[in-house]
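Peer 1: One predicted model, sequence on top.
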Amino acid sequence: MSDAATQAKPVTIVQALNAALNDAMADDDSILVLGEDVADPEDGGVVGVTKGLSTRFGDRRVRSTPIAEQAIIGAAIGASLVGYKPIAEIMLMNFTTVAMDMIVNHAAKLRFMSGGQTNVPIVIRTMTGTGMGSGGQHCDYLEAWFAHTAGMKVVAPSNPADAYGLMRAAINDPDPVLFIENLPDYWRQGEAPKPGHVVPLGRARVAREGTDVTIVSYSRVLNEALAAVEELERAGISAEIIDLRTISPWDRETVCASVAKTARCLVTHEAVTEFGVGAEIAATLHTELFGKLKAPVARLGAPYAPVPFSNPLETAYAPTAKRIAEAAMALVK
Amino acid sequence: MSDAATQAKPVTIVQALNAALNDAMADDDSILVLGEDVADPEDGGVVGVTKGLSTRFGDRRVRSTPIAEQAIIGAAIGASLVGYKPIAEIMLMNFTTVAMDMIVNHAAKLRFMSGGQTNVPIVIRTMTGTGMGSGGQHCDYLEAWFAHTAGMKVVAPSNPADAYGLMRAAINDPDPVLFIENLPDYWRQGEAPKPGHVVPLGRARVAREGTDVTIVSYSRVLNEALAAVEELERAGISAEIIDLRTISPWDRETVCASVAKTARCLVTHEAVTEFGVGAEIAATLHTELFGKLKAPVARLGAPYAPVPFSNPLETAYAPTAKRIAEAAMALVK
Amino acid sequence: MTSNYAPDGATQLEIYKRAALLKANDERSRKVIMTGRLVMPYYSYRGQEIIPSAMAAALTDADYWVTIYRGIHDMLAKGMPLNDLWAEIAGRVDGTCKGKGGPMHLTYPKKGIMVTTGIVGSSMPIANGIAWGSQLSGNDRVTVATFGDGASNIGAFHESLNLAAVWKLPVIFLCQNNLYGEHTIYEKATAAKRVADRAAAYNMAGVRVNGNDPVEMFAAAREAVERARAGEGPTLIEAMTFRFHGHVFGDADAYMDKAQKKAAIEADPVPLFRARLIAEGIASEDQLAAIEAAIETQIDEAVEFALASPFPGLEELTRDVYAEGVDA
Amino acid sequence: MTSNYAPDGATQLEIYKRAALLKANDERSRKVIMTGRLVMPYYSYRGQEIIPSAMAAALTDADYWVTIYRGIHDMLAKGMPLNDLWAEIAGRVDGTCKGKGGPMHLTYPKKGIMVTTGIVGSSMPIANGIAWGSQLSGNDRVTVATFGDGASNIGAFHESLNLAAVWKLPVIFLCQNNLYGEHTIYEKATAAKRVADRAAAYNMAGVRVNGNDPVEMFAAAREAVERARAGEGPTLIEAMTFRFHGHVFGDADAYMDKAQKKAAIEADPVPLFRARLIAEGIASEDQLAAIEAAIETQIDEAVEFALASPFPGLEELTRDVYAEGVDA
Ligand SMILES: Cc1ncc(C[n+]2csc(CCOP(=O)(O)OP(=O)(O)O)c2C)c(N)n1
Ligand SMILES: Cc1ncc(C[n+]2csc(CCOP(=O)(O)OP(=O)(O)O)c2C)c(N)n1
Ligand SMILES: [Mg+2]
Ligand SMILES: [Mg+2]
């Protein structure tokens, strides 16, 4: 599958991630992969992101684990302290809740607490997202928790090329990176990344230039924002879309520059609005651009509620192109 | 100790909490207390908040547990599903990291996921705070995580009377409440609460009226804010101090009304500034009072770093009266 | 197993009625999903029917049960009505949870079905708390927590069994060992030869039984229930079984040993049990055929009821987050 | 215990040197805190000195160790220099962690002291990862994880021992059973009669030894180290001991059984060991007195070195959060 990276035809995010893992592991023997069902005898992952890796790189470097997330992250941390670069999979983001001690009290803090003697170069891959009808415990976006945790980096790609490039950067990074993958978007097609393509952490991307309003997003909802552009055009509104890509540390410069130009901003994500990532961005923009904004920064996230199962409710839960367009229009008029 | 509640002389927060637990348990047999070392054979808690309870109410209602936070919260949730009102202690807030699944995926969501058939009337008591030289894993303020979790309520008193009244309200509440106690402030003296005194959840308190700037805080840092008033006075600045008391759901009305009056606001807390509670408050104020503020809402939290051990560093970590005064002055001039 | 706990004929028939219902319901569920009439993540329990059927026969309606995503067999055995079940998995307002919980969070307190969790291991800590409530109230209600073999490797298992033993809680830890945790075979994930061996680490009664044998399974259940009601504490039951299908509907189960799977399906416990009931004269072919026909009709009705039920209104999106009308 | 692992005289003397250092260092620490020269949360290990002294004697500098808040004895035994230790607990820039970690997070990779955690149970999952690294590199380094009796009831213990057994990791789980977890006595928290019994739940070698007996403790350590180096997997050692003081400095330990405590202190393992060394002619009174005097001098120097060292500058407050000079 690794040659997907060099194909001219579009690839899916699953293929791009698989290519990134293949290319990185081929370049660097210290890279390891561990998690539930990640090896080929277990099907190379429930979605196939790690398919082929254990066959190609051996079952010593690519290991399926018991269902024990504390043990998984602990093993990754320990190996990283002695020269390895483990990529640990926590199947779904809601399962990070059983490994928070390892992630927050240890992975994020060991460099600081040891006065820089040790560091934890691990990547924690996890998937999440509504749209599959899995209900309250399998779809949460919890990125705000980790962004609030000093020492963690948080990444969330929205397309195959960024998925590849951010994964390569996350693996190269000397500090722990939480890498968020969206489940329904796994099969989204996009331009194939060039092998070795790296997207530096902490750099947002202007996904579409515009003049009237800036829409900041990341992960799957970024694609909803792009889908809203046309409707906004029809309404005579030119939207600039920014893909944050890295949630922490986030690219203040790029976001502020865009909003300095448009004077209006909507931040939208799938996580609950209250105390979410949008709050930090809004608070920062109002400070950096005080008196220069034509409207208060708008935030569009999920309602203050767990994820519902019933399809009409689940569909109404996360931001859609339609609701993003409405929110952007409300800002402009 | 329960009669501390009726004493005219000031009481400590430890005494007030102990009185609240005593009075509540005396009123309602369904209230239980569990946690590490909470019973009297184990000294009634490491700080003594639960001292005397097992002797008075029996070791069936007040139980010391093994060191197993998932089991502790699970036991509280289960008992709450069959008619009890457990008060579970997670000794330090950093230890909530080993119980996040029980708290976030279960306690906070069961009412919603069951369509209202069940609910989880538990109180989770936990202490935290810098100032004791315990370093990176024992002092974090993680309230933003729980405020971002739909279904949880989050409370953090700053004085004995509120500690009593908020504890009584939290126990009465039909939904899960995270109750945050500050360690160095446990022995802070204050007016003794009247027995039965209840402070409704979701209601902030104007701790001190002022006209030039609103300072919003909670927990120990609220007292630092009060201590900054004098220096601000000397600088000719009249500060209004708001004690949020409940962090989620927070009292938008009271905070907005105050800032509508002063047109300037500083939010200060001990948690890391980035993606912290201050961001939500700032984003909300800029929206509610767009164009009416004389300065951007300022946020003063901890720097983006784990808690350091070395005393001069630890002292420089959390907001102090002095730094709060400086930040408020910067807002006004 | 101590045979003085063996089920009499009437009890065996009760167990069979449940098992037949469970089997028919799983087959119907997969058909309804296959034909696209319903869309949901479905965790088939086909092959594991005897375990909850026998367990439930040893309980009363007043007893409690905490189950998991792969738990519809547990719930039906414990008495969840078909209409409420089907309306819930269809996401309709007449479902047990008004459609808000779905297949992984079905809840039905009227029959003691208190929590269904989608998190591996999390049925156990909560079951302890319910059992603690029974211990405090002095009622003799027992709480059953079901979980899988893979779950016996997660921290919550350990914390829960230790606490239950130290507190002597009236709880039964029922491990349905179907040999796989998602795509991973038992041996690759679990250091213990038997999950039941782990009971010794808590001074707890532990037993491995053939969960596909109704007599053996019922005897183990009955003994554990008596122990719990007598205040003698928890029991760990490891019920051996096999998952006939992939982990979740749509999973091609390439990772499963074909021969092992074929053999297990050939030894399908429900028809075997059926044949034995007739052979031993406990029930007649006609009797069982009538029972099965009635079940099919009930399921027909439940599916129609579910699909005719309306979806919840959007106001439900933010309802049941907190209690209504409570200050704040 | 297999006596062919018994320590010879020279090894016993090595163990004693460590034990004497640990004992003297704890006594000095408490004195320095008592007199207010240093302020820190201090978890006395007095009474537990033999365990790490014997364990470390079975290791090389290249082996790894992950310890806990009550771990200064482990670190000194593994070779952390006194100056670096004292400067760290004094919060000074010459400390192992530049004063940023403190007594609960001392780290000294030069001698294999990789992590000190303040979270109960968390030494074990990380130790597994270090051991996994050794397994991958094919070096024969062993990793020791220390923890307490109370920690054997938390989820991380279970997940770690299971993974270590399934992966056959070269790790030693060293439980220092001092009969108390904070204020709670062993029996009240732990369902297992012995922590060592829990090894069976993972098909792991497990042994309970008298951790206060240097010969028994060394033999167990040596055997576990050989097993790990031979690629035969992990070992759980439960070393029985007693905590002479309260959980943390300042704790009045009202909850401790007075008679039990008195008896334990009367059986102080360090002087007993000392007397035996002399009685058996392994060392002379003068020899040991000289060793102890040298230790006191080293500690004097370390305390002075620490108190003379400057505090870190405020720029350290935000340093070491991420790598410096890394993009983003
Ligand atoms: C904490 C956690 N980790 C991972 C998962 C994903 N997951 C769902 S079911 C499952 C397998 C569980 O296997 P087992 O316990 O044997 O139960 P079974 O599905 O076989 O009935 C896994 C890994 C989860 N739900 N929760
Ligand atoms: C997860 C977690 N829960 C609670 C605590 C608070 N705590 C610190 S030490 C301790 C007792 C541990 O006892 P034990 O494991 O026997 O080790 P000992 O202190 O006796 O050496 C507790 C409960 C903690 N640090 N981490
Ligand atoms: Mg299974
Ligand atoms: Mg102990």
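Peer 2: In hand now; what should we look at? Note that this is a predicted model, so its numbers are computed, not measured. Ligands and ions are numbered 1, 2, ... in the order given.
Peer 1: these two touch, right, A:Phe290 and B:Lys294?
Peer 2: No - shown here, A:Phe290 and B:Lys294 do not form a contact pair, counting by CB atoms under 8 Å, at 9.8 Å. All C-beta atoms are positioned from the backbone trio N, CA, C, and that covers glycine.
Peer 1: Name the nearest residue to residue 99, ignoring sequence neighbours.
Peer 2: In the absence of a named chain, chain A is used. Spatially, and ignoring its direct neighbours in sequence, A:Ala99 is nearest to A:Glu69 (4.0 Å; CB to CB, 6 or more residues apart in numbering or on different chains).
Peer 1: To clarify, I was referring to chain C.
Peer 2: A:Ser310 (3.6 Å).
Peer 1: Show me where the chain has its helices.
Peer 2: Chain wasn't specified; assuming chain A. Secondary structure of chain A (DSSP state H): helices at A:13-27, A:53-57, A:69-81, A:100, A:110-113, A:143-147, A:160-172, A:219-234, A:252-262, A:277-288, A:311-317, A:321-332.
Peer 1: The intended chain is chain C.
Peer 2: Under the criterion DSSP H, chain C contains helices at C:9-34, C:50-57, C:72-78, C:82-89, C:123-137, C:155-166, C:186-189, C:214-229, C:258-266, C:269-279, C:285-308.
Peer 1: and these as JSON lines, adding mean pLDDT?
Peer 2: Conversion of the helices of chain C to JSON lines gives the following (pLDDT from 0 to 100):
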{"stretch": "helix C:9-34", "mean pLDDT": "98"}
{"stretch": "helix C:50-57", "mean pLDDT": "98"}
{"stretch": "helix C:72-78", "mean pLDDT": "98"}
{"stretch": "helix C:82-89", "mean pLDDT": "98"}
{"stretch": "helix C:123-137", "mean pLDDT": "98"}
{"stretch": "helix C:155-166", "mean pLDDT": "98"}
{"stretch": "helix C:186-189", "mean pLDDT": "97"}
{"stretch": "helix C:214-229", "mean pLDDT": "98"}
{"stretch": "helix C:258-266", "mean pLDDT": "95"}
{"stretch": "helix C:269-279", "mean pLDDT": "98"}
{"stretch": "helix C:285-308", "mean pLDDT": "98"}
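Peer 1: Now distance to chain B and mean neighbour count too, for those, in a markdown table please.
Peer 2: Formatted as a markdown table, these follow (distance: least, CB to the nearest CB, whole Å; neighbours: other CB atoms under 10 Å in any protein chain shown):
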| stretch | distance to chain B | mean neighbour count |
| --- | --- | --- |
| helix C:9-34 | 20 | 20 |
| helix C:50-57 | 19 | 30 |
| helix C:72-78 | 13 | 26 |
| helix C:82-89 | 8 | 24 |
| helix C:123-137 | 2 | 28 |
| helix C:155-166 | 4 | 29 |
| helix C:186-189 | 19 | 18 |
| helix C:214-229 | 15 | 23 |
| helix C:258-266 | 32 | 12 |
| helix C:269-279 | 30 | 17 |
| helix C:285-308 | 15 | 15 |
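Peer 1: Columns distance to B:Ala19 on top of those, output as a markdown table?
Peer 2: As requested, the helices of chain C are exported to a markdown table (distance: least, CB to CB, whole Å):
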| stretch | distance to B:Ala19 |
| --- | --- |
| helix C:9-34 | 52 |
| helix C:50-57 | 46 |
| helix C:72-78 | 43 |
| helix C:82-89 | 45 |
| helix C:123-137 | 24 |
| helix C:155-166 | 29 |
| helix C:186-189 | 50 |
| helix C:214-229 | 38 |
| helix C:258-266 | 62 |
| helix C:269-279 | 59 |
| helix C:285-308 | 53 |
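Peer 1: For D:Glu159, which of these is the nearest?
Peer 2: Of all those, it is helix C:155-166 that lies closest to D:Glu159, at 5.2 Å by CB to CB.
Peer 1: Kindly export the closest one (C-alpha atoms) in CSV.
Peer 2: Listed in CSV are the C-alpha atoms of helix C:155-166, where the atom choice follows Å, rounded to 0.1, in the frame of the first residue of the first chain:
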residue,chain,number,x,y,z
GLY,C,155,-7.6,-2.3,34.8
ALA,C,156,-11.3,-1.9,35.7
PHE,C,157,-11.6,-5.7,35.9
HIS,C,158,-8.9,-5.9,38.6
GLU,C,159,-10.1,-2.9,40.6
SER,C,160,-13.6,-4.2,40.6
LEU,C,161,-12.9,-7.8,41.6
ASN,C,162,-10.7,-6.6,44.4
LEU,C,163,-13.2,-4.2,45.8
ALA,C,164,-16.1,-6.7,45.5
ALA,C,165,-14.1,-9.3,47.4
VAL,C,166,-12.9,-6.9,50.1
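Peer 1: interface residues of the stretch 51-200 of chain A facing ligand 1?
Peer 2: A:Ile67, A:Glu69, A:Met91, A:Phe95, A:Val98 (CB under 6 Å from any ligand atom).
Peer 1: How about the contacts made by residue 127?
Peer 2: All of this is about chain A. By CB atoms under 8 Å, 6 or more residues apart in numbering or on different chains, A:Met127 lies in contact with A:Val47, A:Met91, A:Leu92, A:Met93, A:Ile180, A:Glu181, A:Asn182, A:Leu183, A:Tyr186.
Peer 1: ah, no, chain C please
Peer 2: Contacts for C:Ala127 (CB under 8 Å, 6+ apart) come out as B:Gly74, B:Gly78, C:Tyr64, C:Val66, C:Thr143, C:Val144, C:Ala145, C:Ser160, C:Val171, C:Phe173.
Peer 1: again, only this time at 10 Å
Peer 2: Listed by CB atoms under 10 Å, 6 or more residues apart in numbering or on different chains, the contact set of C:Ala127 reads B:74-75, B:78, C:64-67, C:114-115, C:143-147, C:160, C:164, C:169, C:171-174, C:234.
Peer 1: What count of nearby residues applies to C:Arg243?
Peer 2: 22 (other CB atoms under 10 Å in any protein chain shown).
Peer 1: Once you drop chain neighbours, what's closest to it?
Peer 2: Nearest-residue entry for C:Arg243: C:Asn178, 4.0 Å, with adjacent residues in sequence omitted and distances by CB to CB, 6+ apart.
Peer 1: From A:Lys261, how far off is the one you found?
Peer 2: 59 Å (CB to CB, to the nearest Å).
Peer 1: Name the residue in the two with the higher neighbour count.
Peer 2: Neighbour totals were compared for C:Asn178 and A:Lys261, and C:Asn178 leads with 24 against 14 (other CB under 10 Å).
Peer 1: correct me, but that one touches C:Asp149?
Peer 2: Yes - using CB atoms under 10 Å, C:Asn178 is in contact with C:Asp149, at 6.7 Å.
Peer 1: Residues that sit against both of these two, list them.
Peer 2: C:Tyr186, C:Ala239, C:Met240, C:Thr241.
Peer 1: what's the closest of those residues to ligand 4?
Peer 2: Nearest to ligand 4 among the shared contacts of C:Asn178 and C:Asp149 is C:Tyr186, at 33.6 Å by CB to the ion.
Peer 1: So that closest one sits against C:Ala151, correct?
Peer 2: No - the criterion here is CB under 10 Å, and C:Tyr186 misses it with C:Ala151 at 11.9 Å.
Peer 1: list the residues that contact both of these two?
Peer 2: In contact with both C:Tyr186 and C:Ala151: C:Val195, using CB under 10 Å, 6+ apart.
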